[in-house]
Each structure stands twice: as C-alpha cells, then as structure tokens.
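Trainee: Next input, structure requested:
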Amino acid sequence: MKELSECRILIVDDVKTNVDILVEALKSEYKLSIALDGESALRNVKKNPPDLILLDIVMPGIDGYEVCRRLRASESTKDLPIMFLSSLEDVQDKARGFEIGANDYLTKPFEILEVKARVRSLVKAKAYADAVREAIESELKIAREIQMGILPSDLSPCTKDTGLDICAIIEPAKQVGGDLFEVIRVGEDRVVVLIGDVSGKGIPAALFMAVTVTLARTMARQFAQPEEILSHLNAELTIQNPYGMFVTMACVVVDLPSGRVTGANAGHNPLVLIGVDGSPRFVFRSTGTIAGMFPELGIKGESITMAQGETLILYTDGVTEAFNANNDMFGDKRLFECLSRSPGQTAANTAGIILESIRKFAAGNPQSDDIAIVAVRRKG
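Mentor: Numbers count the residues shown, from 1 in each chain. Model (predicted):
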C-alpha cells in the first residue's frame, strides 16, 4: 500500500490566508499542490491527479460545485476523494455538495485538528482502495493470460493441407470476457469451427466460457454433425448451472474434399458468406434456443457448398452491436459494407477489415461488448 507521506493533496482556495493555514498544517505529512481557482484546479488534476482535493466552493470563475461535478463526470477522476472546505454552512449547501459527489464537507472557520483527522481518513481509504484495485488488476491480468491460453493461438495445425485459410480475432471488453472460438481438425477430411458468446462479462462469463470450450472440444471429436455437437454440449451445460448462465453458439463442419459446409446455430447471430464476387449474405441463421438453459435445443442443421475463393464469417454480437459516441450501432448494414470491400483477400485481411471498421466507427468510444471474429476462406 502507498505510504501516506507519498500521497499528494491539492488545495484549491482563492484566499491566501486559508491556503497558508492548510499548507502549514499538512506540509510535514503529505505532498501538496495549490490552485487558486477552479480552472487551475482542473488543469492541475488533469496533469497530475492527486490523492485528495481540499476544495473551496465560492471562487472566481467556476465554483467548487462545478469543479466537483466535472471531476465526477470524468471516468479517470470519478472516484477521486474530494472534501469541501467552505464558508457556506446552510444544510442546503452541504446537501448539494454531497449530492454532486463530495466525500466530506467542513465549514469555515475550521478546527485544524479536525481537518487533519478527516484528511488522514480519506487519504488512507484512497491508498487502501488503490492497493486493492492494483491487486485485482494483477489477478485479472493473469486470468486474461490463462483465458487467452485456453483458446487456440496457432491455427496452422488445423489448416495445413486443408485448402482452408482461417484467422480468428478476439478482444474482450474487459480484461476477461465470455466470447469464445475453436477450430478443430477431425480426421483427414473434416474441420470443425465454433464460435460462442456467454451471457454477461467479466470473471463469471470467463469461467463459464472455459467450461464451454472444454466441452465443445470433446463433443466435436465425438459427434459428426454440428446439431449433435451443440445438442450434447447443451445437455452437459444444463446438468449443473446454478446461476442460469447461457451461451449462444454457432458450429460449422467443413467437408474438405467437397467444400460442403454443414452448420447449426443455437441462438447466435447468423453467419455471413462472402461470395467470390464480394457480395455478402447471411447463412446459418439460428434454428434453436440458447445453450445451457433448457434440456432440449430443438436445433436443426443445414448445408451449403462453399466455392473456392469464398469466405465464411463467424462473429459475436460485439461486432454489430458496437456503438459510437452518438449511441449509433454498427449494425448489419455497415458490416456488409465493409465486407463487400474485401473480396479475394486472405482470412486475416478480412477479419482485420471488420475490426478496423468497428474501431473507426466507434472513434474511441469505449467497447461495450466482447468481440470475436473468425474468418474461414476456401482457397482458390
């Protein structure tokens, strides 16, 4: 945990006498910074966020209330401890301070011993919270590495001498997530490709995802048809599922000699086939319920023939349900538009174009859902 003597306090007050009193009282215990107005305070925080702000309310320019409101509105400073030190002593003033996010409120003239005690309490709480967050982030980083290690990182053993070019991309919205994919070579003549999206995000979704991947690998080697693979996977997931989690999943089996692709879809979004001419169309729409919730999926398989030069796209809804700052959704139309620009390209290029288009559309808006993309191209 961070030593209290290493913690920095920002004092924001336009009255020099008040600043001098606080500096004298706190300089031996903490690092101090000073701002004489609200705008200067915001610039100071942006440049070097402190561990605590002692904030006056009545100041020239923007007042302390507005400073607090802006800090709480920013993701990077929403949890920054703020204590108002103000001559405003009415209950309404104090209530307003707490309503906009202050952690504490003291009225002037203040007792310096009380100020020091409350400052110490807030700084200690911040240091402890930071230590806990760092520990959690460290564990989540390890969890992400383990989770990514569960998924195949090298697809070449599955695609060698198959006539298939396959690329997979996965980007969790958080450090760990619930999207999954798998590519399995089954004998000389078949390749199984699966993609799934577990309900929720974070650690619970990641754990359910790990179970699902393990079961999917087993079922893909035991059963020949995609509807059989998904049905038996569903049966295993429903045996012990106390929290009612579920996964949407699509599975395709490629017959290598003929190019025949048989697919089944359990509550997942449809797949997209890009023709040789670059025209995309939906294939393998959902014919059953989500997996993990009900004993029977009621799922049916269907088949198409994938010609040489065509590409099949499996993806999770983090692709089409990506949002920009205006809350517009990426959607099917934009997906088709970006795919129509990539006929004849490699699987890696096609998957990359989708991800690049999403990022360009979002324009820095935070990713709201996990993203997984698998491109399967039958070489010409």
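Trainee: the strands in the stretch 101-250 of the chain, which residues?
Mentor: Along the stretch 101-250 of the chain, counting by DSSP state E, counting those that start in this stretch, strands occupy 104-107, 164-171, 179-186, 190-198, 247-255.
Trainee: need those strands in TSV with mean pLDDT and distance to Met83, can you?
Mentor: The way it works is simple: take the backbone N, C-alpha and C, and place the C-beta from them, glycine included. Output for the strands of the stretch 101-250 of the chain, formatted as TSV (pLDDT from 0 to 100; distance: least, CB to CB, whole Å):
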stretch	mean pLDDT	distance to Met83
strand 104-107	94	4
strand 164-171	94	39
strand 179-186	95	42
strand 190-198	96	42
strand 247-255	97	47
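Trainee: Serialize those strands to TSV and add fields for distance to Asp63.
Mentor: Shown next, in TSV, are these (distance: least, CB to CB, whole Å):
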stretch	distance to Asp63
strand 104-107	14
strand 164-171	42
strand 179-186	46
strand 190-198	47
strand 247-255	50
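Trainee: Make JSON lines from those strands and add distance to Ala264 and mean neighbour count to it.
Mentor: Output for the strands of the stretch 101-250 of the chain, formatted as JSON lines (distance: least, CB to CB, whole Å; neighbours: other CB atoms under 10 Å):
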{"stretch": "strand 104-107", "distance to Ala264": "59", "mean neighbour count": "18"}
{"stretch": "strand 164-171", "distance to Ala264": "19", "mean neighbour count": "20"}
{"stretch": "strand 179-186", "distance to Ala264": "15", "mean neighbour count": "22"}
{"stretch": "strand 190-198", "distance to Ala264": "10", "mean neighbour count": "25"}
{"stretch": "strand 247-255", "distance to Ala264": "5", "mean neighbour count": "26"}
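Trainee: Specify the stretch among those that is closest to Arg8.
Mentor: strand 104-107 (17.5 Å; CB to CB).
Trainee: Check which helices and strands that closest one sits against.
Mentor: Secondary-structure packing of strand 104-107 (3 or more CB pairs under 8 Å, 6 or more residues apart in numbering; DSSP states H and E): strand 82-86, helix 91-99, helix 112-150.
Trainee: So which of the ones you listed has the densest surroundings on average?
Mentor: strand 82-86 (a mean of 23; mean count of other CB atoms under 10 Å).
Trainee: in its sheet, what does that strand sit against?
Mentor: Sheet partners assigned to strand 82-86 using DSSP bridges are listed as strand 52-55 (parallel), strand 104-107 (parallel).
Trainee: Other residues contacting that strand?
Mentor: The contact list for strand 82-86 (CB atoms under 8 Å, 6 or more residues apart in numbering) reads 13, 18, 22, 52-58, 64, 68, 71, 93, 97, 101-108, 110, 115, 118-119, 122.
Trainee: hang on, the earlier thing: now the helices and strands packed on strand 104-107 as TSV including distance to Ser40 and mean pLDDT?
Mentor: TSV is the format used below for those (distance: least, CB to CB, whole Å; pLDDT from 0 to 100):
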stretch	distance to Ser40	mean pLDDT
strand 82-86	16	95
helix 91-99	20	94
helix 112-150	21	90
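Trainee: Is it possible to get CSV of those that adds distance to Leu180?
Mentor: CSV is the format used below for the helices and strands packed on strand 104-107 (distance: least, CB to CB, whole Å):
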stretch, distance to Leu180
strand 82-86, 42
helix 91-99, 43
helix 112-150, 8
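Trainee: closest to Ser76 out of those?
Mentor: It's helix 112-150; of those, that one is closest to Ser76 (CB to CB) at 13.4 Å.
Trainee: and the angle from that closest one to strand 179-186?
Mentor: Between helix 112-150 and strand 179-186, the angle comes out at 20 degrees (axes from the mean of the first three to the mean of the last three CA atoms, to 10 degrees).
Trainee: quick one: helix 112-150 to strand 164-171, angle?
Mentor: 170 degrees.
Trainee: Quick one: list the elements packing against helix 112-150.
Mentor: Judged by 3+ CB pairs under 8 Å, 6+ apart, the packing partners of helix 112-150 are helix 16-26, strand 52-55, strand 82-86, strand 104-107, helix 202-222.
Trainee: Just send those back as TSV, with distance to Ile371 too.
Mentor: Formatted as TSV, the helices and strands packed on helix 112-150 follow (distance: least, CB to CB, whole Å):
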stretch	distance to Ile371
helix 16-26	47
strand 52-55	37
strand 82-86	36
strand 104-107	41
helix 202-222	14
